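>>> how does the following fold in three dimensions:
(3 chains)
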Amino acid sequence: MKIAQIIVDNKCKETDRVYSYLIPQGLEIKIGHRVIVPFGRANKKIAGYVVGLKSNTELEINKLKAIAGLPSNDIFLSADMLKLIKWMREKYLCYYIEAIHGALPANIRIKNTYIYELNQDSKNIDLLKEGNPQALMDVLEFMEENGGRATKEELRDNFNDNILENAVKKLIKLGVLKRHQKVKSQENIMYERFVYPDAEKAEIPANAKKQRLLMDIVGSKPGISIKALQKDYAIGKATIDNLLSKGFIRIEEKEAYRLVPEKIQAESKKILTKEQCRAFGEIEECFKKGRHVLLHGVTGSGKTEIYLQLIEAELKKGKQGIVLVPEISLTPQMIRRFVSRFGDTVAVLHSGLSNGEKYDEWRRIAEGKAKVAIGARSAIFAPFEKLGIIIIDEEHENTYKSETRPKYDAREVAMKRCDIEGARLLLGSATPSIESYFKATNKLNNMALVSINTRVNNKVMPNVKIVDMREELKAGNKSIFSHSLAEEIKIALGQKDQIILFLNRRGYSTFVSCRSCGFVAKCPNCNISLTYHAKGNYLTCHYCGYSRPNPKECPSCKSSYIKYFGIGTQRVEREFQSTFDDIDVLRMDADTTTRKNSHKLILDKFRNKEASVLIGTQMIGKGHDFSDVTLVGIITSDTYLNLPDFRAGEKTFQMVTQSAGRAGRGDKPGTVIIQTYSPEHYSLLYAKNHDYEGFYKDEIKMRKEMNYPPFSHLGHIVISGIGEDAVVKAAKEAGRSLNKLRGDNSNIEIWGPSPAPLSRINNRHRWQLVLKSVKEEEVLKILRDFNNSAFLNSEEVSVSMDINPLNML
DNA sequence: AGCACGCCGACT
DNA sequence: GTCGGCGTGCTC
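This is a model prediction of the structure:
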């Protein structure tokens, strides 16, 4: 007797456990298989994942149900992957099934619905028609109009739930309706059809020109695809069908992949520069010692080539590699580099793919056809069997942390996966996150640091100039372009060079700033800027709840020039065109990039020099290599600085450094102009000097003083709901509950409850609580206990929890 | 979550 | 009695 331990695909707290099912005779079930099981009183057929096998159980055998079968498309989770999933459940406070779904391509869900059929012969129809409740008649009428068949969803769209349930139940009881459950695993595999000749000699009428043509083609190219016949020879379906029925040709189906790989010229290995070579050697040395590596290489230092050669080395050992990059659709150059080096053994997993395409790529990996996966966050789960290396490029990017459940951090998952599977991890960035740099310099988590401080071919770092916008205002310049920036723009335009202008318009949270002296209101307890609330006209700190009235004049210089900020890219575009006329400008932001591929189009246009100027938000600041850009202007570099976030300095440094890194990558030296209202801020000063280490030293000192990460771990609880009163009440209740759970453990701080910085989203009010402790496990434990005692999750409010969030807005 | 059961008031 | 509205409790 074999018993399977199964996680069922039913997303709820109560069913987040392992169930036991009997394995019927003749069904070969292995760990990691996806199966279909009957579940619940109604024996609804749902998907389940086998996580273990046993030969006995404490449960009563005759009360166990049996596995119903296997879905048509096989999904496997390796034993290592199951370990990772279990770890994710603990670490990110999610359900097993959520972790499983996170690790599998979307759209593999088993579709499950009920189909109702009208029993036409039933005499009961007549019975019913004699003086019956309206509901029954309505449902019957609908069924008849619908051809005697309807899915549950179709009925639901047309009837009120309660009426429906009762009426349908009644009709089933009377035998008028029949219900079948339909279980369908999405058939994601696409088949392509190929034509072969299938007769010694085909006799074709003289006038059938198309048929003759087809026979000729198939004769010279047996195995040509139907697609090619239609496209290249204009042979239609009728011709093929005709010959098929005569038996002159036959058709074979083969699994096909939707993505036709771009034909890219093979590129051979580049010779590493001296510096790259040293770094490569150091990395290999660390890997040999079983260490993970943080590679800190300045912008333009040639990290990608090192990645390529590290992967090559793993492939030579018969192993496989994963490369994570942020929002991959933004870096077509990088994909091209990988494909040109590794050909069709590269699987690309990016957000621009359809679900079917994603599934195809996933399958190519699972089947061993792809050896290198390059993709965004979720590519960390690429189903390789012999994983040798995981590379995370631009590791400081926030996109590696998922904002939806499971709220995992791909960097942490990568490290765990490497540890489970004996692979090596390489994090790479020109501006490493403080957390990673801290780990690497202190050799925590077995992480080592390798640095490259020079650009390839010793290209000089761009010259960076900080412009004090307060001075500009004093001098009467109300334009968004400072004199310096305007001058540099004119020079660049005169030399036919290209220009990039950055604007960080993350304009949700307004902040109060004095335009004449740069004063920004800050919280006395938290070293974080206060947020302006128009309603009630007050300033508040969203971490500790401190609040004060909005000052009428600047407390520092008594000026009445108190303003809150918000310049959009469109305004920059308009102002640019009115200041420097007759110049082609490209704008790239959320408004212009809604269409699929539109990023690529805009960037290609810019690369082809169809415009001299590119204006955009941060999305253009990553990894692009435009060799004719000599000037980068950062219109407002203060945006982050004034967000209520202890990472404000870090994000500013990263943004400025990365943006500046776009300048001077070609033969000409680059210039960068940073416009700011806080020119003395350490983030900007260190960024100006390209001094990451200096920045890190200051930043880590602040983190230590304030006991912020990496010196502590945060737990974030957001309580939201439509009704403000219910949310506030629940938040206060949650506060009491957390205090009780904390007991007298003084290592754990609890902040709040206080309104979330984004106090209302989608019509929902939001309040938050923050837990802080030096020990992550302590935070997790309280969050878990809190979740188990959840009196809170009701129709009125919902609770979301996150461990070590990257933003708490 | 999703489903069925069963209790209870309203109405034939 | 019977209908259907709604709360309750369970899922190998």
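
>>> my guess is residue A:57 contacts residue A:3, does it?
Yes: using C-beta atoms under 8 Å, residue A:57 is in contact with residue A:3, at 5.3 Å. Backbone N, C-alpha and C define where each C-beta goes, glycine included.

>>> shared neighbours of these two, which are they?
With contacts taken as C-beta atoms under 8 Å, 6 or more residues apart in numbering, residue A:57 and residue A:3 have A:20, A:64 as neighbours in common.

>>> so which of these two has more stuff around it?
Comparing residue A:57 with residue A:3 by other C-beta atoms under 10 Å, the one with more neighbours is residue A:3, at 19 against 13.

>>> give the contact list for the closest residue to the more buried one other than its chain neighbours.
Of all residues not flanking residue A:3 in the chain, residue A:54 sits nearest, at 4.7 Å (C-beta to C-beta, 6 or more residues apart in numbering). Residue A:54 makes contacts with A:2, A:3, A:4, A:5, A:20, as judged by C-beta under 8 Å, 6+ apart.

>>> surely the second one touches residue A:22?
Yes: Residue A:3 is within contact range of residue A:22, at 6.2 Å (criterion: C-beta under 8 Å).

>>> which intervals of the stretch 351-500 of chain A have sub-threshold pLDDT?
In the predicted model of the stretch 351-500 of chain A, no residue satisfies pLDDT under 70.

>>> show me what from chain A comes close to DNA strand C.
A:10, A:12, A:14-15, A:19-22, A:37-41, A:43, A:59, A:63-65, A:133, A:135, A:162-163, A:166-167, A:170 (C-beta under 7 Å from any atom of the strand).

>>> near DNA strand B, which of those residues show up?
Among these, the ones lying near DNA strand B by C-beta under 7 Å from any atom of the strand are A:10, A:12, A:14, A:15, A:40, A:41.

>>> any chance of the residues you listed in TSV, with distance to residue A:585 too?
Shown next, in TSV, are these (distance: C-beta to C-beta, whole Å):
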residue	distance to residue A:585
A:10	53
A:12	52
A:14	57
A:15	55
A:40	60
A:41	64
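
>>> before we move on, back to that, ok, so of the contacts of residue A:54, who is nearest DNA strand C?
Proximity to DNA strand C was ranked across the contacts of residue A:54 by C-beta to the nearest atom of the strand; first place goes to residue A:20, at 3.3 Å.

>>> quick one: pLDDT of the closest one?
Note for residue A:20: predicted pLDDT of 95.

>>> could you look up the SS state of it?
Look at residue A:20: counting by DSSP: H, G, I helix; E, B strand; the rest coil, its state is strand.

>>> equivalent analysis for the one 5 residues further on, please.
What three-state DSSP gives for residue A:25 is coil.

>>> state the distance from the residue nearest to residue A:431 when sequence neighbours are not counted to DNA strand B.
Take residue A:431 and drop its neighbours on the chain: the residue closest to it by C-beta to C-beta, 6+ apart is residue A:654, 4.2 Å away. Look at residue A:654 and DNA strand B: by C-beta to the nearest atom of the strand, to the nearest Å, they are 38 Å apart.

>>> with residue A:200 instead?
According to C-beta to the nearest atom of the strand, residue A:200 and DNA strand B sit 57 Å apart.
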